[in-house]
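Enquirer: Any chance you could fold what I've pasted below:
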Amino acid sequence: MLVLLAALSAAACAAAADPASPVPLDPAVITGELPNGLHYYVRENAKPEQRAALWLVVGAGSVDEDDDQLGLAHLVEHMAFNGTENFPRQALIDYLESVGMQFGPEVNAYTNQNETVYMLQVPTDRPELLATGLQVLEEWAHLVSFDDEEIDKERGVVIEEWRSGRGADERMYDELLPIVFFGSRYAERNTIGDPEIIRNTPHDTLRRFYRDWYRPDLMAVVAVGDFDGAAMEASIRERFAAIPRPAAPRPLLQPEVPDHDRVLYGVATDPEASNTTVSLLFKHAPDSETTIADFRRGVLGQIAVAMLRSRLAELSRLADPPFANAFAMDRRQGRTKGFFTLAAYVKEDGVARGLEALTTELERVHRHGFTPGELERTKVELLRQTERAAAEADKTESQRFARNLMTHFLRGSPYPDAAQRLGLARDLLPGITLAEVDARLRELVAPTGRVVTIEAPQRDGLAVPDEAELAAIIDGAAGQDVPAYVDVTVDAPLVPTPPLPARIVARTEDTALGTTTWTLSNGVRVVFKPTDFKNDEILLRATSPGGTSLIADDDAYARLNYAAGIATVSGAGAFDQTALQKKLAGRLVRLQPQISFLDEGFRGSASPQDLETLLQLVYLYATAPREDPVAFAALVEQQRSQLQNRSAEPVTAFRDTISALTYGHHPRWRPITVEQLDALDHAGSLAFYRDRFGDCGDFTFTLVGAIDPAAAEPLVLTYLGGLPAGGRTESWGRLSPPLPRGVQERTLHRGAEPKGLVELAFNGEQPWSWQARYEMEALCDVLRIRLRETIREDMSGTYGVRVNGGISKMPAERYNLAVGWGCDPDRVQELTDAVWAQLRDIAENGPDEETLTKVRATQLREDETNLRTNDYWVDQLVRHQNLETDPRLILERPAQVNALTAQMVRDAARRVVDPANVIKVVLLPQEQ
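Expert: Purely as a prediction, here's the structure:
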């Protein structure tokens with residue numbers, strides 16, 4: 001590692017950039033400003049193929065609202081989807097769905113305090129689709145209709161979005177916002193706004209916000225995708241140049257977030273809070289990002305944050321940790337301020353200890369600084385990540401480029417391309433010193449503008465420190481005896497003695513799928529799927545039937561269910577988890593052993609150059625799991641902090657009730673309790689883990705990505721071929737929960753908010769087939785569209801309807817369909833009746849052709865994109881292996897979609913929608 005950086009340092013000396021020179025910008029980006037002030041950014045990019053990201057960025061958000069407009073920036077965003085000059089009412093969504101764009105993943109927008117951004121992902125295989133996408137952006141920019149009737153309908157949807165977000169976290173956030181943003185307009189501008197204003201504001205007040213702030217000098221069009229860049233620029237100039245610029249525009253606000261010499265304290269408690277958090281905030285001026293010197297300064301901050309995160313993670317692994325987990329970050333929080341933040345999740349009685357741990361770590365760095373080993377590891381990590389980005393330059397998603405260009409427009413952040421970033425990293429990293437990083441951290445945690453916030457449960461007998469007690473911790477940090485950090489590493493190879501390699505006893509090729517399958521002499525099967533979807537990515541999945549279904553005793557299941565998690569946090573071989581992370585610095589590799597209900601195995605990924613490390617980790621976790629009492633104790637305490645107040649949250653009680661009824665109160669499908677946590681069997685869990693991974697003869701490893709089987713052969717034969725195998729062949733246990741029968745209804749009264757939740761769940765037996773599985777998928781897609789159109793758009797009854805369903809083959813052939821939504825408690829019955837009406841209509845008549853066309857189009861478009869991703873291929877290959885079905889069905893998906901009929905969907909609905917066999921759970925406020 002030190003040799004690598006030394007070599008880079010020598011190479012960089014002759015080519016060091018002038019610190020005063022500007023950060024280079026991606027030469028592939030075409031940018032300009034129209035006479036009306038609108039900016040545009042255009043970049044050709046073929047990932048994903050035949051798609052374009054088209055974004056409209058508006059540099060105005062909720063902080064720009066007048067006092068009578070609180071929440072209207074967000075309502076304006078909603079109205080853009082409810083009618084423009086050439087797309088009245090719902091015609092826009094109807095059109096976009098008809099060409100295969102999904103509402104949500106590919107058609108979406110967001111509003112925050114500073115900006116509003118509209119995002120489309122448009123197919124480019126037909127020129128008219130790209131042209132219409134630009135037309136939509138233009139009409140959003142200045143031709144939103146604001147029809148009175150549509151405004152009044154959409155008020156209800158936004159109120160339901162407000163309602164869906166209400167709970168303990170939001171109440172505590174509202175309480176702390178004026179403290180965090182003390183003395184600033186930001187303290188008065190929560191994006192969701194004032195529900196009374198949303199309900200009652202005059203139509204023209206809403207239109208006033210649009211007139212004031214939706215104007216070309218505050219807008220940018222970002223277009224990145226698989227198109228001709230020059231033609232796209234010409235289209236943007238032609239279409240957007242005619243948008244008028246107001247003669248006397250309102251000045252854009254630049255709200256200050258003032259500094260304050262004294263530390264501000266905010267303590268918010270709530271009876272429904274399920275977690276306890278401690279945060280320490282430091283306000284500072286946002287950094288300039290224009291020059292090479294600015295860029296270098298930003299890298300200093302990145303390094304400091306990364307090293308501090310590592311130290312906090314190490315603390316969380318103590319036997320009695322001061323927090324379950326903690327993090328550090330530095331980011332812009334407003335147009336004029338940056339916030340450096342330390343935050344931790346602590347036990348309910350651990351506020352003081354958690355805050356003291358955070359302040360102590362800052363004091364430790366302040367007195368002693370970081371260590372050379374920490375700095376070198378972090379430099380290597382940053383360099384390796386930058387190298388990967390450069391290697392993947394032509395495989396980078398258009399959305400990522402679009403996000404970078406948006407950030408440049410809004411905040412002036414530079415957008416060098418991946419090669420330029422790599423050049424800067426190679427130039428700058430070798431010269432960065434510990435003294436500079438230590439000094440940069442001291443700048444970020446300057447004594448002005450400090451805020452301490454606490455969020456905690458509220459109940460009798462639970463004491464939370466008050467301001468005086470918190471101040472004593474902050475003020476006392478400087479007087480502590482704080483020893484220097486000791487950087488402990490393990491200087492040993494991952495695998496001291498590699499195993500003897502196995503032989504390949506069988507090879508098969510599937511030219512249609514592009515897969516190669518080997519059977520090794522120890523019984524391990526290895527499936528390769530080389531792809532060119534990513535240049536620097538290999539995904540690994542490994543499965544073997546069995547899992548926790550083979551634990552015969554339910555009580556033993558509760559004691560052993562954390563086996564894989566215990567093994568993971570304990571490290572492997574000679575390395576505990578902290579030592580292992582240090583050992584892997586600069587290697588792009590991750591691996592997670594897993595034990596699920598039906599199988600056990602691994603999930604991981606690596607850069608091709610780190611494939612050996614990935615396979616070594618597989619071998620190590622299978623053959624040399626560690627018994628680490630400290631790691632086990634830390635895991636238990638981390639989980640305890642999450643479980644202590646879990647039941648206080650109303651939504652948790654709602655979900656637990658659904659689960660209990662669905663699975664018949666079966667002990668294996670109950671949420672874990674603190675009592676069960678204390679009963680975990682460390683030795684028994686490791687014994688179970690060793691049993692599951694001690695004979696790998698029936699494991700199948702699937703490797704997808706930038707892998708050459710021939711080049712990988714020696715590594716595969718050594719580390720996978722060297723896995724222990726004794727000829728064991730297993731299947732999963734036949735245990736399955738009892739099916740719920742008949743009508744089961746429960747109504748819960750929990751929570752202080754005027755918030756209702758409803759879920760209808762259908763469960764039953766059904767023969768499994770690949771076609772039946774697909775028909776259930778299509779039914780769910782149909783229901784999502786129909787219920788959005790009726791319950792959300794027509795009735796303004798909810799922010800969204802959740803529809804999930806499927807048919808399982810293992811451990812038993814059965815179906816499940818769940819439909820859920822949040823709403824005004826007074827409308828629960830009305831909306832339940834409306835949902836039932838839609839379910840019955842689909843079961844009686846099937847979907848209309850317009851809805852079916854949308855479903856087919858979106859599924860086909862989704863398949864086009866999926867087939868060009870490693871994640872999809874590895875998941876599908878593993879799924880077919882587990883189901884024992886022909887993986888060539890992956891290639892038959894388009895034919896299956898095109899053959900979808902209304903009768904298939906109708907019949908699927910008839911099989912599952914049964915008023916005599918349904919679970920209905922309703923959550924109402926405590927007062928009702």
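
Enquirer: how does this structure divide into domains?
Expert: Domain ranges of the chain: 34-240, 264-393+410-479, 504-625+668-720, 743-924, per automatic domain parsing.

Enquirer: Please tabulate the ones you listed in JSON lines and include mean neighbour count, mean pLDDT and distance to F401 as additional columns.
Expert: Heads up, the C-betas are built off the backbone N, CA and C, glycines and all. As requested, the domains of the chain are arranged in JSON lines below (neighbours: other CB atoms under 10 Å; pLDDT from 0 to 100; distance: least, CB to CB, whole Å):
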{"stretch": "domain 34-240", "mean neighbour count": "19", "mean pLDDT": "96", "distance to F401": "4"}
{"stretch": "domain 264-393+410-479", "mean neighbour count": "19", "mean pLDDT": "96", "distance to F401": "8"}
{"stretch": "domain 504-625+668-720", "mean neighbour count": "19", "mean pLDDT": "96", "distance to F401": "16"}
{"stretch": "domain 743-924", "mean neighbour count": "18", "mean pLDDT": "97", "distance to F401": "17"}
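
Enquirer: right, and the ones you listed - which one's nearest N645?
Expert: domain 264-393+410-479 (4.7 Å; CB to CB).

Enquirer: can you give me the end-to-end distance of that closest one?
Expert: Start to finish, the residues bounding domain 264-393+410-479 are 21 Å apart (CA to CA, to the nearest Å).

Enquirer: Please apply the same query to stretch 46-57.
Expert: Across stretch 46-57, the terminal residues are separated by 22 Å (CA to CA).

Enquirer: One more: stretch 320-330?
Expert: As for stretch 320-330, its first-to-last residue distance stands at 28 Å under the measure CA to CA.

Enquirer: Residues in contact with that stretch: which ones?
Expert: With CB atoms under 8 Å, 6 or more residues apart in numbering as the contact definition, stretch 320-330 has outside contacts at 278, 301, 305, 308-309, 312-313, 315-316, 338-347, 350, 353-354, 356-358, 444, 633-634, 637-639, 641-642.

Enquirer: Need phi/psi at the residue nearest to N45 when sequence neighbours are not counted.
Expert: Ranked by CB to CB, 6 or more residues apart in numbering and with sequence neighbours excluded, the top spatial neighbour of N45 is S398, at 4.8 Å. Dihedral pair for S398: phi -60, psi -30, per degrees, to the nearest 10.

Enquirer: so what's S398 up against?
Expert: Applying CB under 8 Å, 6+ apart, one finds that S398 lies in contact with 43, 45, 47-48, 51-53, 121, 224-226.

Enquirer: of all the domains of the chain, which lies closest to P650?
Expert: Shortest separation from P650 across the domains of the chain is recorded for domain 743-924, at 3.6 Å, computed as CB to CB.

Enquirer: got the end-to-end distance for that closest one?
Expert: Taking CA to CA, the first and last residues of domain 743-924 lie 20 Å apart.

Enquirer: right, and the helix or strand after the biggest helix by length in the chain?
Expert: The helix spanning the most residues in the chain, taking DSSP state H as the definition, is helix 292-315. Once helix 292-315 ends, the next helix or strand along the chain (criterion: DSSP states H and E) is strand 325-332.

Enquirer: Show me how far that next one is from its chain's centre.
Expert: Relative to the chain's own centre, strand 325-332 is displaced by 16 Å; criterion: CA atoms, centre = their mean, to the nearest Å.

Enquirer: tell me what the helix or strand that that strand is followed by is packed against?
Expert: Beyond strand 325-332 on the C-terminal side, the first helix or strand identified by DSSP H and E is strand 338-346. For strand 338-346, the packing partners by 3 or more CB pairs under 8 Å, 6 or more residues apart in numbering; DSSP states H and E come out as strand 276-284, helix 292-315, strand 325-332, helix 351-368, helix 629-643.

Enquirer: between the contacts of S398, which is closest to T832?
Expert: Closest approach between the contacts of S398 and T832, by CB to CB: Q121, at 34.4 Å.

Enquirer: Which strand or helix spans that closest one?
Expert: Using DSSP H and E, the element containing Q121 is strand 116-123.

Enquirer: Hey, what's the angle from the helix or strand that that strand is followed by to strand 116-123? Just curious.
Expert: Under the assignment DSSP H and E, the closest C-terminal helix or strand after strand 116-123 is helix 127-142. An angle of 170 degrees separates the directions of helix 127-142 and strand 116-123 when computed by axes from the mean of the first three to the mean of the last three CA atoms, to 10 degrees.

Enquirer: re the thing from before, could you dump the contacts of S398 into TSV and include distance to C823?
Expert: As requested, the contacts of S398 are exported to TSV (distance: CB to CB, whole Å):
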residue	distance to C823
R43	42
N45	41
K47	40
P48	36
R51	35
A52	37
A53	34
Q121	30
V224	38
G225	38
D226	41
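
Enquirer: Among these, pick out the one closest to A131, please.
Expert: Nearest to A131 among these, counting by CB to CB, is A52 at 11.1 Å.

Enquirer: Is that closest one in a helix, a strand, or coil?
Expert: strand (DSSP: H, G, I helix; E, B strand; the rest coil).

Enquirer: mind checking how far it is from Y815?
Expert: Taking CB to CB, to the nearest Å as the measure, A52 and Y815 are separated by 38 Å.

Enquirer: now swap in P724 and tell me
Expert: According to CB to CB, P724 stands 39 Å off from Y815.
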